[in-house]
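Chemist: build the 3D model from these lines:
(one chain, ligands or ions: 2)
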Amino acid sequence: MKSSQELLAEAGVDSYLSKKACQQPTWPDREALAAASLELCAKPPLVFAGEADQLRELLGAASAGRAFVLQGGDCAETFAEATADRIRGKIKTILQMAVVLTYGASLPVVKIGRMAGQYAKPRSSDTEIRDGVELPAYRGDIINRIGFTEEERTPDPARLIEAYHTSAATLNLIRAFTKGGFADLRLVHEWNKGFTKSPAYSKFEQMATEIDRAVRFMGACGEYFDSLRTVDLFSSHEALLLDYERPLTRIDSRTGDPYDCSAHFLWIGERTRDLDGAHVEFMSKVKNPIGVKLGPTTTPAEALGLIERLNPDAVPGRLTFITRMGADRIRDSLPPIVAAVRDSAVPVTWVTDPMHGNTFTSESGYKTRQFETILDEVRGFFEVHREAGTTPGGIHIELTGDDVTEVMGGTEEIDDKKLGERYETLVDPRLNHQQSLELAFIVSELLQH
Ligand code: PEP
Ligand code: CO
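Modeler: Ligands and ions are numbered 1, 2, ... in the order given. Model (predicted):
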């Protein structure tokens, strides 16, 4: 019988090795890397191929307007913050947003966390210089540490194993919270407890009361179905670090196809979507549903090239384009891409990331975003798709369940002065719990029109 590594090699998953891989660390200890890689190859998969298939079908429904995608979580997860409280906070935020969207738009919501594996970050420079000292840039907890010493910044392969275990623990909590009673719609009021009063919270309370009544009504009729008790929350991250993604790739025993079992959904970032690069090559070989971020410089030809490379069989739900154009550019740069893709007749799930094209540095020096600008990109996304006759299929955002002050604006009116109060992100600014709910209410209205 062939070994699983032989089967993977036959399936061609190593073809990426002959291509250029951008944004990879330089591991000083190659032997330690080889040992970590072998160890990962022997680990159980974090997710199962059948689950990824199920998500692909749901994303296919979203491409046709029969569902809406909500993908959210940290810009960068950290090992230290993989605590029960933080994870529960994020799950709760996603569930609350999903309830608002489902109820408001009468559409099933496909819930995907930027969770349980979002540990690798692309950087604009390989190194960072402070006071004349030059060290490797922080590339995420899966590679090195944020502290500015040589020891902390040296890429350490042992962190690949720690990333695997932290992902496993996070996924375990996700599964427990979403299947073990916490996500029961009959507890919809509980999710809002502990937050101070504000317009978004009172609106949620009101909606929760209506849902409660509807659920009780169904109960009185003798009908509590399973989907009221549990939800599916899928995992996702940027498939950036190939030294992690490849060792977690497995052959599906049902079909003989390779799946990247580090998460249900993987995406290729704006900086690694080169058609001839290693990331596109690797992702073309695995069967998961996948995404590609498209920034404002994307040409229609590039989008068509990605479709050809990544979804040659035109499978619904296989390919999601996550556009992140910037609010000031989306109305100009998105239409030609959408038109070309529409005319190719290959199904694509369109998702807006209104975060990454709208980052700037505030006067006091914080990397931030404006809530109003984020909304403007979301509105632009809906306008462009409505105009083109295509489907706005979902939203991808950076959020946290905590009351951080990282994004300016919203009804709390966070201004430059307030940013310093609770600015905790290691990389990009995230919507806090309340801003996330506000956004969900606005998107649910956009979906109704
Ligand atoms: C991200 O999603 O955190 C990210 C780096 O995005 P992009 O690749 O779109 O810049
Ligand atoms: Co980010």
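Chemist: and the residue of the stretch 1-150 of the chain closest to ligand 1?
Modeler: Across the stretch 1-150 of the chain, no residue is closer to ligand 1 than C75, which sits at 4.8 Å (C-beta to the nearest ligand atom). From N, CA and C alone the C-beta is placed, and that goes for glycine too.
Chemist: for that residue, which non-adjacent residue is closest in space?
Modeler: Once flanking residues are discounted, C75 sits nearest to D428: 3.7 Å by C-beta to C-beta, 6 or more residues apart in numbering.
Chemist: OK, contacts around whichever residue of the stretch 251-400 of the chain sits closest to ligand 1?
Modeler: With C-beta to the nearest ligand atom as the measure, G269 is the residue of the stretch 251-400 of the chain nearest to ligand 1, at 3.1 Å. Shown in contact with G269 (C-beta atoms under 8 Å, 6 or more residues apart in numbering): 23, 122, 238, 240, 279, 293.
Chemist: redo that, cut-off 7 Å
Modeler: 122, 238, 240, 293 (C-beta atoms under 7 Å, 6 or more residues apart in numbering).
Chemist: farthest pair in those residues?
Modeler: Spatial extent of the contacts of G269 (C-beta to C-beta) is set by the pair L240 and K293 at 11.1 Å.
Chemist: more neighbours: these two, which one.
Modeler: L240 (27 against 23; other C-beta atoms under 10 Å).
Chemist: is it true that that one touches Q23?
Modeler: Yes - in this structure, L240 is within contact of Q23 by C-beta atoms under 7 Å, at 6.0 Å.
Chemist: phi, psi of the residue nearest to I442 when sequence neighbours are not counted?
Modeler: Ranked by C-beta to C-beta, 6+ apart and with sequence neighbours excluded, the top spatial neighbour of I442 is L375, at 6.2 Å. Per-residue torsions, L375: phi -60, psi -40 (degrees, to the nearest 10).
Chemist: who's in contact with F321?
Modeler: Here F321 is in contact with 292, 294, 303, 348, 350 (criterion: C-beta under 7 Å, 6+ apart).
Chemist: now swap in T78 and tell me
Modeler: 141, 426.
Chemist: how about the residues of the stretch 51-200 of the chain by ligand 1?
Modeler: Contact residues, the stretch 51-200 of the chain versus ligand 1 (C-beta under 6 Å from any ligand atom): 75, 122.
Chemist: helices along the stretch 301-449 of the chain, start to end?
Modeler: 330-344, 371-388, 416-419, 433-448 (DSSP state H, counting those that start in this stretch).
Chemist: surely L107 is in contact with A67?
Modeler: Yes - using C-beta under 7 Å, L107 makes contact with A67 at a distance of 6.0 Å.
Chemist: those two: which has the busier surroundings?
Modeler: Comparing L107 with A67 by other C-beta under 10 Å, the one with more neighbours is A67, at 21 against 18.
Chemist: how confident was the prediction at the more buried one?
Modeler: We note a pLDDT of 97 for A67 in this prediction.
Chemist: tally of neighbours for the closest residue to it other than its chain neighbours?
Modeler: Leaving aside its sequence neighbours, A67 sits nearest to A61 (C-beta to C-beta, 6+ apart; 4.1 Å). When neighbours are counted by other C-beta under 10 Å, A61 registers 19.
Chemist: now R213
Modeler: 10.
Chemist: so which elements touch the helix or strand harbouring it?
Modeler: With elements taken from DSSP states H and E, the one containing R213 is helix 199-220. With contacts taken as 3 or more C-beta pairs under 7 Å, 6 or more residues apart in numbering; DSSP states H and E, helix 199-220 sits against helix 84-105, helix 433-448.
Chemist: next SSE downstream of it?
Modeler: Counting by DSSP H and E, what follows helix 199-220 is helix 226-229.
Chemist: which strands and helices lie in contact with that following helix?
Modeler: Partner elements for helix 226-229 (3+ C-beta pairs under 7 Å, 6+ apart): none found.
Chemist: hmm, who's touching it?
Modeler: Under C-beta under 7 Å, 6+ apart, the answer for helix 226-229 is 184-185, 215.
Chemist: re the thing from before, what about the residue nearest to I442, neighbour count?
Modeler: 19.
Chemist: do T249 as well
Modeler: The number of residues near T249, taken as other C-beta under 10 Å, comes to 23.
Chemist: is it true that it touches D260?
Modeler: Yes - if you go by C-beta under 7 Å, T249 and D260 touch, sitting 5.1 Å apart.
Chemist: what's the closest non-adjacent residue to the residue positioned nearest the centre of the chain?
Modeler: Geometric centre of the chain, nearest residue: R114, 3.6 Å, by C-alpha atoms, centre = their mean. Leaving aside its sequence neighbours, R114 sits nearest to G73 (C-beta to C-beta, 6+ apart; 3.0 Å).
Chemist: quick one: end-to-end distance for stretch 66-85.
Modeler: For stretch 66-85, the first and last residues are 33 Å from each other (C-alpha to C-alpha, to the nearest Å).
Chemist: I misspoke; the intended subject was stretch 191-203.
Modeler: Per C-alpha to C-alpha, the first residue of stretch 191-203 is 13 Å away from its last.
Chemist: for A388, give me its contacts.
Modeler: Counting by C-beta under 7 Å, 6+ apart, the residues that A388 touches are 335, 338-339, 342.
Chemist: what are the buried residues along the worst-scoring helix or strand of the chain on mean pLDDT?
Modeler: Of all helical and strand segments in the chain, the minimum by mean pLDDT, DSSP states H and E falls on helix 226-229, at a mean of 79. Residues L228 are the ones in helix 226-229 that count as buried (16 or more other C-beta atoms under 10 Å).
Chemist: could you do stretch 137-146 as well?
Modeler: Applying 16+ other C-beta under 10 Å to stretch 137-146 flags 137-145 as buried.
Chemist: again, but for stretch 19-32
Modeler: 21, 23-25, 27.
Chemist: contacts for it?
Modeler: Contacts for stretch 19-32 (C-beta under 7 Å, 6+ apart): 33, 122, 139, 143, 154-155, 157, 240, 242, 271-272, 276-279, 281.
Chemist: ok, now with 6 Å
Modeler: Identification of contacts with stretch 19-32 by C-beta atoms under 6 Å, 6 or more residues apart in numbering yields 33, 122, 139, 143, 155, 157, 242, 271-272, 277-278, 281.
Chemist: what's the span of that stretch from first residue to last?
Modeler: Stretch 19-32: ends 23 Å apart by C-alpha to C-alpha.
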